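Q: Give me coordinates for this.
(one chain, ligands or ions: 1)
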Amino acid sequence: MSFITDLQAVWSRHDSLLCVGLDPEPSRFPAVLADHPDPVFAFCKAIVDATAAHACAFKPQIAHFAALAAEDALERLIAYIHEAHPGIPVILDAKRGDIGSTAARYAVEAFDRYQADAVTLNPYLGRDSAEPFLERADKGVILLCHTSNPGAADLQDLDVGGRPLYQHVAKIIAESWNGHGNCALVTGATWPGQLGEVRTLVGDMPLLVPGIGAQGGDVAEVIRHGATADGTGLMISSSRAIIYAGQGEDYALAAGRAASDLKDQINAQRNSPAR
Ligand SMILES: O=c1ccn([C@@H]2O[C@H](COP(=O)(O)O)[C@@H](O)[C@H]2O)c(=O)[nH]1
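A: Coordinates of the predicted model:
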């Protein structure tokens, strides 16, 4: 199995395009974890178990672990997801990008140390910077194309020879970097027009779409502009709106309900006659 085949299988098995983001921030943890000896792992594990049935992927963001010196918790968490919820891909959101020799070490970090199924990369150092990741044909390589933040337009929308820069990124990756069929692109939910342009340029390539929930993206717009003809093609990511849905002892239950509700909202749009 590979990242892409696992993703296609879980889209169908869980009838879900929802990617659950894991961004632990201890200041937002429920009081019940205050004296826990291993709070980051315990919090994330509870969220994973409560949301797994509704998820097509998990996306831990590495800075949220590294800032806490909790890389060990991240390693154990990914191992736990593979063991307890096999077949649900883990995307390490690390946005790596560096010269080839360093990129090779980042690939070892993501795929061998952390055992991630896919990793996010910044493509702006060019093809050689992505090569150590691209050559791992069973792993997913998810490259920033049009990000969800307000400043995304500053550079990514700049006109370059009659086309915005992000469209060049989409075309180059689809036409040249995707020789192993293991590429995907990050396109933010908060920029639905650009999401639609990317979909047109890259065919059925999977798109990781952050920006639903805390950043205010619109589910209907994402499905309308981003879904493939068969109603898949998307990993629609939400972190804070799911993992901090509840503050009490039942925080994991609340996260499970938030994930289930968002999955249902997404599916209602996938099945809408207006699509
Ligand atoms: O364009 C991008 C790329 C990555 N992210 C990451 O996704 C989550 C979003 O968290 P929410 O709580 O759902 O807003 C976070 O880890 C970002 O680093 C993104 O938001 N936009």
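Q: who's in contact with E131?
A: G100, A103 (Cβ atoms under 8 Å, 6 or more residues apart in numbering). (Glycine included, C-beta is placed from N, CA and C.)
Q: one more time with 7 Å, if that's ok
A: G100 (Cβ atoms under 7 Å, 6 or more residues apart in numbering).
Q: Could the C-alpha coordinates of stretch 220-227 be exported in PDB?
A: This file holds the C-alpha atoms of stretch 220-227, laid out as PDB (Å, rounded to 0.1, in the frame of the first residue of the first chain):
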ATOM      1  CA  ALA A 220     -19.900  24.300   0.200                       C
ATOM      2  CA  GLU A 221     -17.400  26.400  -1.700                       C
ATOM      3  CA  VAL A 222     -14.600  23.900  -1.100                       C
ATOM      4  CA  ILE A 223     -16.700  21.100  -2.400                       C
ATOM      5  CA  ARG A 224     -18.000  23.100  -5.400                       C
ATOM      6  CA  HIS A 225     -14.500  24.200  -6.500                       C
ATOM      7  CA  GLY A 226     -12.300  21.400  -5.300                       C
ATOM      8  CA  ALA A 227     -14.000  18.000  -5.400                       C
END
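Q: Let me know whether that stretch sits next to the ligand.
A: No: using Cβ under 6 Å from any ligand atom, we find that stretch 220-227 stays clear of the ligand, coming within 12.8 Å at best.
Q: Tell me the buried residues in that stretch?
A: E221, V222, I223, R224, H225, G226, A227 (16 or more other Cβ atoms under 10 Å).
Q: ditto for stretch 131-146
A: Neighbour counts using 16+ other Cβ under 10 Å place P132, F133, L134, R136, K139, G140, V141, I142, L143, L144, C145, H146 of stretch 131-146 among the buried residues.
Q: what separates the fourth one from the ligand, distance-wise?
A: Just to be clear, that refers to R136. 21 Å (Cβ to the nearest ligand atom, to the nearest Å).
Q: In TSV, list the buried residues of stretch 220-227 along with secondary structure and pLDDT.
A: Formatted as TSV, the buried residues of stretch 220-227 follow (DSSP: H, G, I helix; E, B strand; the rest coil; pLDDT from 0 to 100):
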residue	secondary structure	pLDDT
E221	helix	98
V222	helix	98
I223	helix	98
R224	helix	97
H225	helix	98
G226	helix	98
A227	coil	98
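Q: which of those residues lies closest to N122?
A: Nearest to N122, judged by Cβ to Cβ, of the buried residues of stretch 220-227 is G226 at 21.0 Å.
Q: The closest one: what's its closest spatial neighbour, skipping adjacent residues?
A: L195 (4.8 Å; Cβ to Cβ, 6 or more residues apart in numbering).
Q: So which of the buried residues of stretch 220-227 is the closest to the ligand?
A: Minimum distance to the ligand across the buried residues of stretch 220-227 is 12.8 Å, recorded for V222 (Cβ to the nearest ligand atom).
Q: wouldn't the closest one be in contact with S237 here?
A: No: the pair V222 and S237 fails to qualify as a contact (Cβ atoms under 7 Å) at a distance of 10.5 Å.
Q: any shared contact partners between these two?
A: Common neighbours of V222 and S237 (criterion: Cβ under 7 Å, 6+ apart): V209, I212.
Q: List, one by one, the residues from the stretch 101-250 of the chain near the ligand.
A: Residues of the stretch 101-250 of the chain lying close to the ligand by Cβ under 6 Å from any ligand atom are 147-148, 186, 188, 210-211, 213-215, 237-240.
Q: Pull out the buried members of those residues.
A: Counted by 16+ other Cβ under 10 Å, those give T147, S148, V186, G188, P210, G211, G213, Q215, S237, S238, S239 as buried.
Q: Make CSV out of the residues you listed and add distance to R275 and secondary structure.
A: CSV is the format used below for these (distance: Cβ to Cβ, whole Å; DSSP: H, G, I helix; E, B strand; the rest coil):
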residue, distance to R275, secondary structure
T147, 25, coil
S148, 22, coil
V186, 23, strand
G188, 20, coil
P210, 22, strand
G211, 20, coil
G213, 21, coil
Q215, 23, coil
S237, 20, strand
S238, 20, strand
S239, 26, coil
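Q: can I get those residues in CSV with pLDDT and distance to E109?
A: Below are those laid out as CSV (pLDDT from 0 to 100; distance: Cβ to Cβ, whole Å):
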residue, pLDDT, distance to E109
T147, 98, 22
S148, 98, 24
V186, 99, 19
G188, 98, 25
P210, 98, 21
G211, 98, 26
G213, 97, 28
Q215, 98, 27
S237, 98, 21
S238, 98, 26
S239, 98, 21
